[in-house]
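S.K.: I'd like to go over a predicted model; first the sequence, then the structure.
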Amino acid sequence: MGKFLEMEKDSQTGFKQHSPYFLDNARLDGVYRKKSRPFCIPLEFSEQNLFPEIRQSAPAFFKNHGIKWHDGHNGKPSNHLCSSQVFCVNFLIPFADKPDALKMLLEPVYPEISTMLPVEDGIFVSFEWIGERNYLGEKIARNGKRTRGANFTSADAVVVFERNDTKRQIVLIEWKYTEAYGFSPLKIASSGTDRTEIYRHLFDLDDCPVNKEILPSFEDLFYEPFYQFMRQQFLANEMEKAHEMGADLVSVLHIAPSINTDFQKITSPGLKELGSSAIEVWKKLQINPNKFVSVTTEELFGIISKQNPPEIAPWMEYISKRYPWLSADS
């Protein structure tokens, strides 16, 4: 368990107890994985894990699109205050109906943005994107349906924009919070399935986005977070070839707290010689360096803080109080 996660458990417990954003009964300990925990909310109040303005709209949107909440209950989000998915939704969904503010947020990362475009339902940010087709050849349930947010490679969020050169670009967002990974290989699933056989056909393609000349072996990618990076990059590559949503380009944006140094460990023994951090290694493994961009959560919050658009003032106050490390150096 990472040091940053332990720090955030204490911080989020204090936020729950002392901020004005919770009902009194929601300040009680919540049960998570069969144990009562101070850094969780009682299950019946788990929607209060969300920014107040989205406590009805976000669960309704997830329900309408069959999106799974990670560790959610009865259509509500996780009651764990350190949920990465909850943080992602809290941070991004207020921009879903504010394309100008969303452009302000992303333009320093993608200076070629001309106009933000809607993703679905007329909104400009969506979540748990798995692509319009089963591009990766992942196993589909007996009912023939794929589930966003469960059992398939899903981008935590997705945005679309038109560029200054009139090309259309999709950005798949991989969002991290308190994650820390161990050194266990994921090549063989608990079911006995060899995962390399699921994705090998994508690795063997001539246009594979991974630089095979410097990668010691395909199996070296089957350690987190490289296993996630690989699947996200495969998904982006296949979506681009299919021109999903009319896109000319599809890339991956990785967002993680710089304060969470636990995440940066190089967990794959075969990749240790390629860099000093997981992000550095993955950037080095890209055929096209423009297809993977990494930005810290602190940098992203700093971008919008400097602009300070009035339409998101309540969100700014909430986010800065709930995640105070975001603006600690500003």
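M.R.: All right, it came through fine.

S.K.: Please count neighbours and contacts with C-alpha atoms only from this point.
M.R.: Fine.

S.K.: chain center to stretch 282-300, what's the gap?
M.R.: How far stretch 282-300 lies from its chain's middle: 14 Å, per Cα atoms, centre = their mean, to the nearest Å.

S.K.: do the same with stretch 86-105
M.R.: Here stretch 86-105 is found 13 Å from its chain centre; the criterion is Cα atoms, centre = their mean.

S.K.: got it, and stretch 30-48?
M.R.: 22 Å.

S.K.: Ok, stretch 158-165 next?
M.R.: Per Cα atoms, centre = their mean, the centroid offset for stretch 158-165 relative to its chain is 19 Å.

S.K.: Now that stretch: buried residues?
M.R.: 158-163 (16 or more other Cα atoms under 10 Å).

S.K.: which among the residues you listed gets closest to residue 219?
M.R.: Nearest to residue 219 out of the buried residues of stretch 158-165 is residue 158 (Cα to Cα; 28.1 Å).

S.K.: ok, and the closest one, which helix or strand is that part of?
M.R.: strand 155-163 (DSSP states H and E).

S.K.: Let me know the distance separating residue 313 from residue 28.
M.R.: 28 Å (Cα to Cα, to the nearest Å).

S.K.: swap that for residue 254, please
M.R.: Counting by Cα to Cα, the gap from residue 254 to residue 28 is 34 Å.

S.K.: what's the nearest residue to the spatially most central residue of the chain if we skip its chain neighbours?
M.R.: Centroid check for the chain by Cα atoms, centre = their mean gives residue 175 as the closest residue, at 2.5 Å. Nearest non-adjacent residue to residue 175, counting by Cα to Cα, 6 or more residues apart in numbering: residue 255, 5.0 Å away.

S.K.: How is that neighbour assigned, secondary-structure-wise?
M.R.: strand (DSSP: H, G, I helix; E, B strand; the rest coil).

S.K.: Show the contacting residues for it.
M.R.: Residue 255 makes contact with 173-176, 294-297, according to Cα atoms under 8 Å, 6 or more residues apart in numbering.

S.K.: cool, residue 52 as well?
M.R.: residue 21.

S.K.: Distance of it relative to residue 114?
M.R.: According to Cα to Cα, residue 52 stands 31 Å off from residue 114.

S.K.: Go through the helices and strands of this structure and name the one with the lowest mean pLDDT.
M.R.: Among the helices and strands of the chain, helix 297-307 carries the lowest confidence by mean pLDDT, DSSP states H and E, at a mean of 94.

S.K.: Show me which parts of the next helix-or-strand element following that one are buried, residue by residue.
M.R.: Of the helices and strands lying after helix 297-307 in sequence (DSSP H and E), the nearest is helix 313-322. Residues 315-316, 318-319, 322 are the ones in helix 313-322 that count as buried (16+ other Cα under 10 Å).

S.K.: Contacts for helix 313-322 next, please.
M.R.: 12, 15, 51, 90-91, 94, 305, 326-327.

S.K.: give the contact list for the nearest residue to residue 120 once chain neighbours are set aside.
M.R.: Setting aside the residues directly before and after it, residue 120 is nearest to residue 126 in space (Cα to Cα, 6+ apart), at 7.2 Å. Taking Cα under 8 Å, 6+ apart, we find residue 126 in contact with 93, 96, 119-120, 157-159.

S.K.: change it to 7 Å
M.R.: 119, 157-159 (Cα atoms under 7 Å, 6 or more residues apart in numbering).

S.K.: Please convert the residues you listed to CSV, extending it with distance to residue 223.
M.R.: Below are these laid out as CSV (distance: Cα to Cα, whole Å):
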residue, distance to residue 223
119, 31
157, 22
158, 24
159, 27
